[in-house]
Every structure is written in structure tokens, then in C-alpha cells.
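Participant: the following comprises the amino acid sequence and a computationally predicted model.
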Amino acid sequence: MSPRAGSSAAAARRAAKGRAALIAAYREGLGLAAIVVIQKGAETRIAVIREGGASAGSGPDTVMARWWCRYATDAERVAAAATARSRRRESQDELPRSPPSVSAAAADDVSAAVQGVAKRLRVALYSDDEICMNADTIIVRVEEEIENLKRGGQLKSVNQSYRAYRLEASARGEKAAPYAEWFNKYKANLVRELAAALRHA
């Protein structure tokens, strides 16, 4: 691989990481909760994870399906009812039960149970793609506003905030993050705030 190709690949990875952070900030701002179907060996279970909490799929677990809910309480209701439905089906099929998991259940069957229960309870489920599309609308707004400020030479207050952050970090004996890293977090905070405003609109 040539140095130029390596540099391009590294830039692409940084861009993807930056976009993922902004989408995560959007989900945090909205306070979304994820319903995930997790498989570990022959065991399949349904879990609810709030944005910013421990990630599913770490270690040997595999996330087979994921949907997002606007409210954690709705996600909990759907997950509990779908788990109960899957257990009943196991019992009818004379399969072993292992609370709180759905043992030996096919991931597709469990996913269908989640979607069926959500429809019955009238809880809207959103796919990763739908959330990304909605997040992109907010991200574009933030990036356009930042570009407008740059063109107008109005980023002075932002740069002053970075200098203040560096002074505070130095006073605590800590190493300050580079400007680019700090600025990415600044953008993520703007996305998070806009998403939170939508949540309460």
C-alpha cells in the first residue's frame, strides 16, 4: 500500500468514526433506547439498552437484530412481552426454558416476536438506517452553521472556549486534547442539544 493510499484509508476511518460519534450524540439527545436480539451459542435473548449504556455485542455475544424506541419504558414493555411470547412458544414446542433467556429459540422467531408485540402495543420501532437518516438532517444543519460561522470569521467565541479548556486542563495537571478532537466533541454537543430540543418539542 502506498503512503497516499494509507493516508486516505486513515482519513476515511477517522471520518467514519466521527460520523458514528455524531449519530450516537443524536441518539443520546433523543434519549433513545435499543431493543436488541442477542445470540450467545444456542441461546437467544432480548435486551434493552439505553443510549450511552453498556454495549450489546461485546465479547462472545452477537447482536442479531436491533431497533430503537423513543421511550425506554416502551422498549421495556416490548422486550418483556416479546420474551414472554417466545417462552410460551418454547413451552408449546417442548423446548427447555432458561429465564431470563429464550433458550434454543431461533433469532428470526424472536425478532418476529419483537416486531409483532411492538405492532400490537402500538410502539414505533426505528431501524439503524432510519435513525441515521434522521441524524444526518441534524448533522448537516450543525455543519452548515459552523461553515457559516467560519466564513463570517465568527468562530472567535469557540476558539476562546478551547483556550479556556486548555488553561483549565493545565491547572489540573492534565494534558489537553488537540483542537481537532476537542472541536469534534463540541460538534457532538451541538447535535446532542438539537436532538434534545426535538425530544421536548
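Facilitator: That came through fine.
Participant: okay, now the unreliable bits of the chain?
Facilitator: For the chain, the stretches with pLDDT under 70 are 1-6, 51-60, 90, 92-106, 201.
Participant: can you check which helix is longest in it?
Facilitator: Counting residues, the longest helix found in the chain (DSSP state H) is helix 3-30.
Participant: other residues contacting stretch 181-193?
Facilitator: Stretch 181-193 has contacts (Cβ atoms under 8 Å, 6 or more residues apart in numbering) with 18, 21-22, 24-26, 28-29, 135, 138-139, 142-143, 145-146, 158, 161-162, 165, 176-177. (C-beta placed from N, C-alpha, C; glycine too.)
Participant: repeat that for 6 Å
Facilitator: 18, 21-22, 25-26, 28-29, 138-139, 142, 162 (Cβ atoms under 6 Å, 6 or more residues apart in numbering).
Participant: how about it, which residues are buried there?
Facilitator: For stretch 181-193, burial by neighbour count (16 or more other Cβ atoms under 10 Å) applies to 182-184, 186-188, 190-192.
Participant: just to revisit the earlier point, reformat the contacts of stretch 181-193 as JSON lines; add neighbour count.
Facilitator: Below are those laid out as JSON lines (neighbours: other Cβ atoms under 10 Å):
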{"residue": "G18", "neighbour count": "16"}
{"residue": "A21", "neighbour count": "15"}
{"residue": "L22", "neighbour count": "21"}
{"residue": "A25", "neighbour count": "27"}
{"residue": "Y26", "neighbour count": "27"}
{"residue": "E28", "neighbour count": "17"}
{"residue": "G29", "neighbour count": "23"}
{"residue": "I138", "neighbour count": "23"}
{"residue": "I139", "neighbour count": "22"}
{"residue": "V142", "neighbour count": "20"}
{"residue": "Y162", "neighbour count": "17"}
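Participant: element containing W68, please.
Facilitator: According to DSSP states H and E, W68 maps onto strand 62-69.
Participant: what angle do that strand and helix 3-30 make?
Facilitator: Computed by axes from the mean of the first three to the mean of the last three Cα atoms, to 10 degrees, the angle separating strand 62-69 from helix 3-30 equals 50 degrees.
Participant: which of the residues in strand 62-69 are buried?
Facilitator: Buried, per 16+ other Cβ under 10 Å, within strand 62-69: 63-69.
Participant: farthest pair within these?
Facilitator: The span of the buried residues of strand 62-69, defined through Cβ to Cβ, is set by M64 and C69 at 17.5 Å.
Participant: domain assignment for the protein?
Facilitator: Domain assignment for the chain by automatic domain parsing gives 33-125, 129-199.
Participant: L32: how many residues sit nearby?
Facilitator: 23 (other Cβ atoms under 10 Å).
Participant: now that it has come up, it's in contact with Y71, right?
Facilitator: No - at 8.7 Å, L32 does not count as touching Y71 under the criterion of Cβ atoms under 6 Å.
Participant: thanks a lot, catch you later.
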